[in-house]
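*Asks:* Return atomic coordinates for the entry below.
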Amino acid sequence: MRTLELDILERTRQWCADGRSPWLCTIVQAVGSSPRPVGSMLACLADGELVGSLSGGCVEEDLLERIQGGALAASLPRVIEYGVSPEENEKLGLPCGGRLYVLLQQLGDADLPWLDAALAAITQRHCIERHLDFDTGISTTGEVPHFTHLALRETSLRQCFGPRMRMLLVGAGQLAQSLAELALAMDYEVLVTDTRQAMLDQWMGPDVPLLQGMPDDIVREHAADHFSIVITLTHDPRIDDMALMEALQTDAWYIGALGSVRTTEKRLQRLRALELEERAIAKLRAPVGLPIGSKTPLEIAVAIMAELTQLRRAAST
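*Replies:* I've put the predicted structure just below:
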């Protein structure tokens, strides 16, 4: 599954390798409302070719004008502030009172090592931090155990690269279709598995990988690391329990199971009867999702995504 970040980094690396000296522009700070989150990137060439985005288009146009007009020195990284006046906010389409701080750096051959490290981190599912020294323009990298948020200092930048959260949905029913739609919109990678080929054949959800096979094998192969989410949705213990038995013994960040409180109590009894350790069973979140009174598939999907959002935000504070 490709991401915009991967596309930007791959294109930037190719431009550097070709000697085309691309500019990498990154939102490093935002005050008030922002059209794109901190960490969003844009890579561009002086001829106007670009990939990525920082706003609805006006900030990108201004940056290109500055680059093409020679107003930006290519020697060292610098931070440009947007939104310093109501007139500029209106011109650039920024929310009233909003400010963007964009780091500009022209890259070259010396940046290939950190670009390669970032690409490897994303594709091989681990995290690295890039440390950029503004005084020298030199970037170094080091591995980190978990994702860290971008940190801007007076003379340096710390930026993390790594995989998206991967969501494995066990069961290809209507709820999985609604959940896949929301998860994709929120930038999760989504996989769907079912032992029943007929269910996969009837899939009417978004275009995501559909994996037929034994759920424990699928979990082991595709959703066993700390950047993985496993959610069982079939209501069939023969399928769900097999997936949960495997998932609860992995490093998966979140493991959830659909079902009522009564269904959950029976599931826990079965897991204990299978001699799964209590510390593993304690990782299970069931009934899955926040208790918002959801009934329909879409409402349940909203509850699940709300719980994931709450947990991820809590982990980042």
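
*Asks:* So Gly171 sits against Arg238, correct?
*Replies:* No. Using C-beta atoms under 8 Å, Gly171 makes no contact with Arg238, being 11.9 Å away. No exception for glycine: its C-beta is placed from N, CA and C like everyone else's.

*Asks:* The two: which has the busier surroundings?
*Replies:* Using other C-beta atoms under 10 Å as the criterion, Gly171 and Arg238 rank with Gly171 on top: 25 against 9.

*Asks:* what about that one, distance to Val208?
*Replies:* Separation of Gly171 from Val208 (C-beta to C-beta, to the nearest Å): 13 Å.

*Asks:* Mutual contacts of the two, please.
*Replies:* Common contacts of Gly171 and Val208, defined by C-beta atoms under 8 Å, 6 or more residues apart in numbering, comprise Val192.

*Asks:* which regions of the protein sit below the pLDDT cut-off?
*Replies:* The chain contains residues with pLDDT under 70 at 1-2, 71, 73-74, 84-97, 316-317.

*Asks:* Quick check: can you list the domain ranges of it?
*Replies:* 4-161, 166-316 (automatic domain parsing).

*Asks:* What is the end-to-end distance of the longest one?
*Replies:* To tie it back to what came earlier, the one meant is domain 4-161. 13 Å (C-alpha to C-alpha, to the nearest Å).

*Asks:* All further residue positions should be reported with the first residue as 58.
*Replies:* Noted, 58 is the first residue going forward, which turns the last one into domain 61-218.

*Asks:* for that domain, the distance to its chain's centre please.
*Replies:* Chain-centre distance of domain 61-218: 17 Å, with C-alpha atoms, centre = their mean, to the nearest Å.

*Asks:* Likewise for stretch 349-366?
*Replies:* Offset of stretch 349-366 from its chain centre (C-alpha atoms, centre = their mean): 20 Å.

*Asks:* Go through stretch 280-291 and flag the buried ones.
*Replies:* By 16 or more other C-beta atoms under 10 Å, the buried positions in stretch 280-291 come out as Ala280, Ala281, His283, Phe284, Ser285, Ile286, Val287, Ile288, Thr289, Leu290, Thr291.

*Asks:* do the same with stretch 364-372
*Replies:* Going by 16+ other C-beta under 10 Å, stretch 364-372 has these buried residues: Glu364, Leu365.

*Asks:* Which stretches in the stretch 158-307 of the chain count as helices?
*Replies:* Using DSSP state H, counting those that start in this stretch, the helices of the stretch 158-307 of the chain run over 169-181, 231-242, 254-258, 272-279, 294-304.

*Asks:* closest one to Thr205 among the ones you listed?
*Replies:* helix 169-181 (12.2 Å; C-beta to C-beta).

*Asks:* how about the nearest residue to Arg215, chain neighbours excluded?
*Replies:* Nearest-residue entry for Arg215: Ala208, 4.3 Å, with adjacent residues in sequence omitted and distances by C-beta to C-beta, 6 or more residues apart in numbering.

*Asks:* Hmm, the one you found is touching Cys217, no?
*Replies:* No. Applying C-beta under 8 Å, one finds Ala208 not in contact with Cys217, separated by 9.1 Å.

*Asks:* Comparing these two, which shows the higher neighbour count?
*Replies:* Legend: neighbour count by other C-beta under 10 Å for Ala208 and Cys217, higher for Cys217 (18 against 13).

*Asks:* Who are the contact partners of that one?
*Replies:* So Cys217 contacts Cys184, Ile185, Glu186, Arg187, Val201, Phe204, Thr205, His206, Leu207 (C-beta under 8 Å, 6+ apart).

*Asks:* can you count the residues close to the last one?
*Replies:* By the criterion of other C-beta under 10 Å, Leu207 has 19 neighbours.

*Asks:* Roughly how far does it sit from Asp264?
*Replies:* Leu207 is 31 Å from Asp264, by C-beta to C-beta.

*Asks:* Which one of the contacts of Cys217 is nearest to Ser91?
*Replies:* For the contacts of Cys217, the nearest to Ser91 is Leu207 (13.0 Å; C-beta to C-beta).
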